[in-house]
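**Q** Please work out how this folds:
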Amino acid sequence: MSVNLTPNAIPTIVAGEMNSKPLVQVLDVKLIPNSKQQERYRILLSDAVSSQHAMLATQLNDRVRTGRVKQGSVVQLIDYICSPIQNRKIVVVLNMETIVPDCEIIGNPKLFVDTGLSTQGALPNNNVQNSSRSNNDNYHLPPQNAISNLQSFRPTVLTPYQPPPLYKSHGAILRNDAPARVIPITALNPYQGRWAIKARVTAKGDLRRYNNARGDGKVFSFDILDSDGGEIRVTCFNAVVDRFYDAIEVGRVYLISKGSLKPAQKNFNHLKNEWEILLDLTSTVELCPDEDGSIPRQHFSFRPISDIESVENNSILDVVGVVTSVNPSVPILRKNGMETQRRILNLKDSSGRSVELTLWGEFCNREGQQLQEMVEAGLSPILAVKAGKVNDFSGKSVGTISATQLFINPDFSEAHSLRSWFDRGGKDSASLSISKDIIYGGPRNDVRKTVSQIKDEGLGRSDKPDWITVGATISFIKVDTFCYTACPLMIGDRQCNKKVTRSGNTKWQCDRCNQEFEECDYRYLLQAQILDHTGISWVTAFQESGEEILGYSAKELYLLKYEQQDDEKFEGIIKSRLFKQFVFRLKIKEELYGDEQRVKVTVVKADKVNYSSESSYTLDSISTFLRH
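**A** Here you go, the predicted model:
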């Protein structure tokens, strides 16, 4: 790895100039012998030309013990002082960060001799690479009484450095006061001194509070994009949050400088950049006018829905599709006791696949409600999802996270192409859902069957389930056990969903989670009969498919039947769904009930009949029959 150390860092440090945070290399680390009070380490620092001994403050001892600071390490000095002790300059490092843990020795540094002090007792100006390999450790140590003086000097180490009166006259300071050069985001690296970037904020995260071994704190992040297409995340902690949180607005352009770079935390950062920017109290964020519009509003890397089938779990991606259905928003209680909202909708595109998109939290009430109203009005909006998270539980689906952004009917080429495809016939084309584990063991194409073929062909009796599509009518709905009370707590990114029971008059108890809570969830366990011109079959519909059949959430019907006891209205809703036609996607699998094997038919999807596409299917079937 090529590393550029800060030029003239050692002479600047020895001169007492504290204006920068130099990048230097550790040539040697030694434990000071005969230190009677506390363990202390001496290090030898280099700027590739000169070297200088320094003492580590005791609060940094763990850096040596854990191997974060060792021979060859490249470090950035954050806070340090240099004081004369017995005609020598002693550097004490108060804070530093390891940039490169292990690196070859850079340059041919020699021990620096400060000509401004007496050379009595000074170390010889030998080649450092030779002297650092000497077996005589005491050769590099200051006299013992100097160490004793350093112990008594310790309170001064903790005192903020006060520059001399002529501090402002130093040339180096004047050069550092010059404006930083604006560079592309892709050119950022942790070895640069002064830099500035001009970029647009494309996303702003929520303000989060945390508690760890260091105490309470708060943090927020925002993503920025520059005119070259480079993206990077910027993070602020604690007092820096107070300074910048209200000032940052999505869509505005800012000039950002005096931040530090750290490796990106890929578990939380989806951007294609190996670095993140960390702002501190010396950082500057200046609002810029968006005069030429050279910085794009957003950057997308869209994937077709068919590609999501092979994407790894927890991957972050962009997707655009036509919204074909929107389910009601339902309350969900997380395991920490906080309630949130969840809403599920379906997207399809020209790849021949559709996928479920789960909206969480405020997305349900903002974009989710708008999409529901548009779909109910007969519209089919285009939805672009920026930074959706892939989930492989029960098939592949996409969910929102804090960094997700949703764009309804956006004005860009991919959305226009999708709209054109949908209006020219794509709305009537068949698409196979990749959600609800329909892709595992099921055929890649939409296999159409009749109800009688379920029994006649022995479907579901092999090792893997059979997946079919059936056009049928609902003839009967069992209402005494149409839903159950379920645990709303989240276990990781999944809901518990186990049946819960009353604990007292107001609370519910989950034996699996061993917790009580005020509100439970209500989930469909709907049993119904479907029939077509060939036969009849019992089917079971769970949550989403139950909502598709009845048109209400399980909670609404549960409260209507058991809390409000409005039997007349409840029965009216059930009767209104009888003899309605649907296109059912079914999973058929033989399961063991007690000592008996039974074939279970589960409704995976219940779509309202599209008479145009059904007519096309019927005509194709007739043509096929006539040809044979």
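**Q** quick check: domain ranges of this structure?
**A** Under the assignment automatic domain parsing, the domains of the chain span 9-169, 185-288, 305-433, 451-482+525-623.
**Q** Any idea how far apart the tips of the last one sit?
**A** Distances were taken as C-alpha to C-alpha, to the nearest Å; on that basis the terminal residues of domain 451-482+525-623 are 22 Å apart.
**Q** which residues touch the spatially most central residue of the chain?
**A** Nearest to the mean C-alpha position of the chain, counting by C-alpha atoms, centre = their mean, stands residue 268 at 3.6 Å. Contact analysis of residue 268 by C-beta atoms under 8 Å, 6 or more residues apart in numbering lists nothing. Placement of C-beta: from N, CA and C, glycine included.
**Q** That one and residue 240, how far apart?
**A** 18 Å (C-beta to C-beta, to the nearest Å).
**Q** How about residue 318?
**A** Counting by C-beta to C-beta, the gap from residue 318 to residue 240 is 30 Å.
**Q** do residue 400 as well
**A** Distance from residue 400 to residue 240, by C-beta to C-beta: 27 Å.
**Q** Which one's more surrounded, those two?
**A** Neighbours per residue, other C-beta atoms under 10 Å: of residue 400 and residue 240, the larger number sits with residue 400, 24 against 21.
**Q** The more buried one is in contact with residue 358, isn't it?
**A** Yes: using C-beta atoms under 8 Å, residue 400 is in contact with residue 358, at 6.9 Å.
**Q** where along the stretch 501-628 of the chain do the strands fall?
**A** In the stretch 501-628 of the chain, the strands defined using DSSP state E, counting those that start in this stretch lie at 501-503, 507-510, 515-517, 521-524, 526-531, 536-541, 581-593, 596-608.
**Q** Pull up the pairing partners for the last one, direction included.
**A** The strands that strand 596-608 pairs with in its sheet are strand 536-541 (parallel), strand 581-593 (antiparallel) (by DSSP bridges).
**Q** Show residues contacting the first one.
**A** In other words, strand 536-541. 451, 454-455, 475, 524-531, 548-549, 584, 586, 600-603, 606.
**Q** Single out the most deeply packed of the domains of the chain.
**A** The highest average neighbour count among the domains of the chain, using mean count of other C-beta atoms under 10 Å, belongs to domain 305-433 at a mean of 18.
**Q** Endpoints of it, how far apart?
**A** Start to finish, the residues bounding domain 305-433 are 9 Å apart (C-alpha to C-alpha).
**Q** and it, what's its mean pLDDT?
**A** Taken as a whole, domain 305-433 has a mean pLDDT of 88.
**Q** How far does that domain sit from its chain's centre?
**A** Remark: domain 305-433 is offset 18 Å from the chain centroid, using C-alpha atoms, centre = their mean, to the nearest Å.
**Q** In contact with residue 14, which residues?
**A** When contacts are counted by C-beta under 8 Å, 6+ apart, residue 14 touches 52, 82, 89, 91, 112, 114.
**Q** how far away is the fifth one from residue 14?
**A** In other words, residue 112. 6 Å.
**Q** show me where the stretch 201-350 of the chain has helices.
**A** Residue ranges of the helices in the stretch 201-350 of the chain, as given by DSSP state H, counting those that start in this stretch, are 239-244, 305-308.
**Q** what's the angle from the top helix by length along the chain to strand 581-593?
**A** Using DSSP state H to define each element, the chain has its longest helix at helix 611-627. Interaxial angle of helix 611-627 relative to strand 581-593 (axes from the mean of the first three to the mean of the last three C-alpha atoms, to 10 degrees): 80 degrees.
**Q** what's next to helix 611-627, contact-wise?
**A** With C-beta under 8 Å, 6+ apart as the criterion, helix 611-627 contacts 428, 429, 430, 448, 471, 583.
**Q** unless I'm mixing things up, the fourth one is touching residue 430, no?
**A** No: with contact defined as C-beta under 8 Å, residue 448 does not count as touching residue 430 (9.4 Å).
**Q** if we can go back for a sec, figure out which of the strands of the stretch 501-628 of the chain is closest to residue 295.
**A** strand 596-608 (42.5 Å; C-beta to C-beta).
**Q** Now do that closest one against strand 526-531, angle only.
**A** 80 degrees.
**Q** ok, and what's touching strand 596-608?
**A** Taking C-beta under 8 Å, 6+ apart as the rule, strand 596-608 contacts 433, 436, 438, 454, 459-461, 467, 537-542, 545, 548-549, 582-592.
**Q** go with 6 Å
**A** For strand 596-608, contacts defined as C-beta atoms under 6 Å, 6 or more residues apart in numbering pick out 436, 438, 460, 537, 539-541, 545, 548-549, 582-591.
**Q** Which of the strands of the stretch 501-628 of the chain sits closest to residue 249?
**A** strand 521-524 (36.9 Å).
**Q** what about the stretch 401-550 of the chain, any weak spots by pLDDT?
**A** Under the criterion pLDDT under 70, the flagged ranges of the stretch 401-550 of the chain are 436-446, 492-493.
**Q** which stretches of it form helices?
**A** Using DSSP H, counting those that start in this stretch, helices in the stretch 401-550 of the chain cover 413-423, 451-456, 543-550.
**Q** right, and those helices - which one's nearest residue 369?
**A** Residue 369 lies closest, by C-beta to C-beta, to one member of the helices of the stretch 401-550 of the chain: helix 543-550, at 16.2 Å.
**Q** closest one to residue 262 among the helices of the stretch 201-350 of the chain?
**A** Of all the helices of the stretch 201-350 of the chain, helix 239-244 comes closest under C-beta to C-beta, at 14.0 Å.
**Q** For the closest one, C-alpha coordinates in CSV please.
**A** Presented in CSV, the C-alpha positions along helix 239-244 are these (Å, rounded to 0.1, in the frame of the first residue of the first chain):
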residue,chain,number,x,y,z
ALA,A,239,-22.6,17.7,19.8
VAL,A,240,-22.1,17.6,16.0
VAL,A,241,-25.7,16.4,15.6
ASP,A,242,-26.9,19.6,17.3
ARG,A,243,-24.9,21.7,14.9
PHE,A,244,-25.8,20.1,11.6
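**Q** now it: mean pLDDT?
**A** Mean predicted confidence for helix 239-244 is 92.
**Q** Now do that helix: everything it contacts.
**A** 218, 220, 236, 279, 285.
**Q** thinking again about what came up before, between all of the contacts of helix 611-627, which two are separated the most?
**A** Among the contacts of helix 611-627, 429 and 471 lie farthest apart (C-beta to C-beta), at 16.7 Å.
**Q** Can you add distance to residue 487 and give the helices of the stretch 201-350 of the chain back as CSV?
**A** Supplementary listing: the helices of the stretch 201-350 of the chain in CSV, determined by distance: least, C-beta to C-beta, whole Å:
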stretch, distance to residue 487
helix 239-244, 35
helix 305-308, 29
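**Q** Please consider this matter closed, and thank you.
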